[in-house]
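> can you look at this prediction? I've put the sequence above it.
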Amino acid sequence: MTDNILTFSLTVFTGFFAIMNPIANVPVFLGLVGDKSEASQRRIAKTASITAFFIVVIFVILGKYVFDLFGITIPAFKITGGILLFYVGFEMLQSQKSKIHSQNDDNDDDGIAISPLAIPILAGPGTIVTAMNNVTDGGFIHIGIVVVIFAFMIYLTYLAFTLSNMIIKKLGNNLITVVGKIMGLILAIMGTDMIVVGIKLAFKI
């Protein structure tokens, strides 16, 4: 039982880290708020992190009810979610910023924090799919683990955003690009695995 929980926790953490990638999102954060004061950057990072956390947690807790409401089957969700994750990972491998992570020109602090930082950069479709995929056929323990690990990832992202200037100076854009490509590969593999599992469930293989 303990081994299963540890394996599940590691899988969840890897999935969240690949899709959210705090280090690779640092240039995006600076691109949006680099001209603002340090206090404003911290406030924006905090608002974006808290907003993203609650959005994903709502989907994690209410995911099964959403499935029942719209008649969504788990195999269909896994196949569609796998295609989406593969697409995002493929774009990352091509050094393209995913179209899912679009930006806008809103200069308002709260506006930037909510969109595009919280939605869709931190709590985008890929993050929601990753979270829900891990709880669709799990119990309350699995839901709790997903929420705790996502909270930890949000905290890491907040730290990365608040230390963004130092991270850029220490690592440089080239190393951050390499990390992004590695995460893209992991994400594409996870997407493929979701598709395979979905097909097996659909055809009872």
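Arrived safely, thanks for sending.
> what about stretch 12-21, average pLDDT?
Stretch 12-21 shows a mean pLDDT of 91.
> what lies in contact with that stretch?
When contacts are defined by C-beta atoms under 8 Å, 6 or more residues apart in numbering, stretch 12-21 is touched by residues 85, 88-89, 122, 126-127, 130-131, 133-134, 145-146, 149-150, 152-153, 157, 179-180, 183-184, 186-187, 190. For every residue, glycine as well, the C-beta is placed using N, CA and C.
> of these, buried ones?
85, 88-89, 122, 126-127, 130-131, 133-134, 145-146, 149-150, 153, 157, 180, 183-184, 186-187, 190 (16 or more other C-beta atoms under 10 Å).
> now do the buried residues in stretch 133-144.
Buried residues in stretch 133-144 (16+ other C-beta under 10 Å): N133, N134, V135, T136, H142, I143.
> could you point out which element follows the helix or strand bottoming out on mean pLDDT in the chain?
Sorting the helices and strands of the chain by mean pLDDT, DSSP states H and E puts helix 109-112 at the bottom, at a mean of 79. The first helix or strand that comes after helix 109-112 along the chain, using DSSP states H and E, is helix 125-133.
> what helix or strand does R43 sit in?
With DSSP H and E as the test, R43 turns up in helix 38-70.
> to clarify, my last question referred to K169.
Counting by DSSP H and E, K169 is found in helix 164-202.
> tilt between that helix and helix 38-70?
10 degrees (axes from the mean of the first three to the mean of the last three C-alpha atoms, to 10 degrees).
> and R43, how close does it get to I121?
In this view, R43 and I121 are 17 Å apart by C-beta to C-beta, to the nearest Å.
> what of K200?
Relative to I121, and taking C-beta to C-beta, K200 is found at 32 Å.
> the two: which has the busier surroundings?
Neighbour count, other C-beta atoms under 10 Å: between K200 and I121, I121 has more, with 24 against 12.
> what sits up against stretch 185-194?
By C-beta under 8 Å, 6+ apart, stretch 185-194 touches 14-15, 18-19, 78-79, 81-90, 92-93, 126, 130, 133.
> got the buried residues for that stretch?
In stretch 185-194, counting by 16+ other C-beta under 10 Å, buried: I186, L187, A188, M190, G191, M194.
> hey, C-alpha coordinates of it in CSV?
Output of stretch 185-194 as CSV, limited to C-alpha atoms (Å, rounded to 0.1, in the frame of the first residue of the first chain):
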residue,chain,number,x,y,z
LEU,A,185,9.7,15.2,-23.8
ILE,A,186,8.4,13.9,-20.5
LEU,A,187,5.0,15.5,-21.1
ALA,A,188,4.7,14.0,-24.6
ILE,A,189,5.5,10.5,-23.2
MET,A,190,2.9,11.0,-20.5
GLY,A,191,0.4,12.1,-23.1
THR,A,192,1.1,9.0,-25.2
ASP,A,193,0.7,6.8,-22.1
MET,A,194,-2.7,8.4,-21.3
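> show me what the mean pLDDT comes to for that stretch.
The model assigns stretch 185-194 a mean pLDDT of 86.
> what's the answer for stretch 144-158, then?
96.
> below-threshold pLDDT in this protein: ranges please.
1, 95-108 (pLDDT under 70).
> returning to what we had before: so what touches the least confident helix or strand of the chain?
Counting by C-beta under 8 Å, 6+ apart, L32, V33, K36, S40, R43, I44, T47, A48, N104, D106 sit against helix 109-112.
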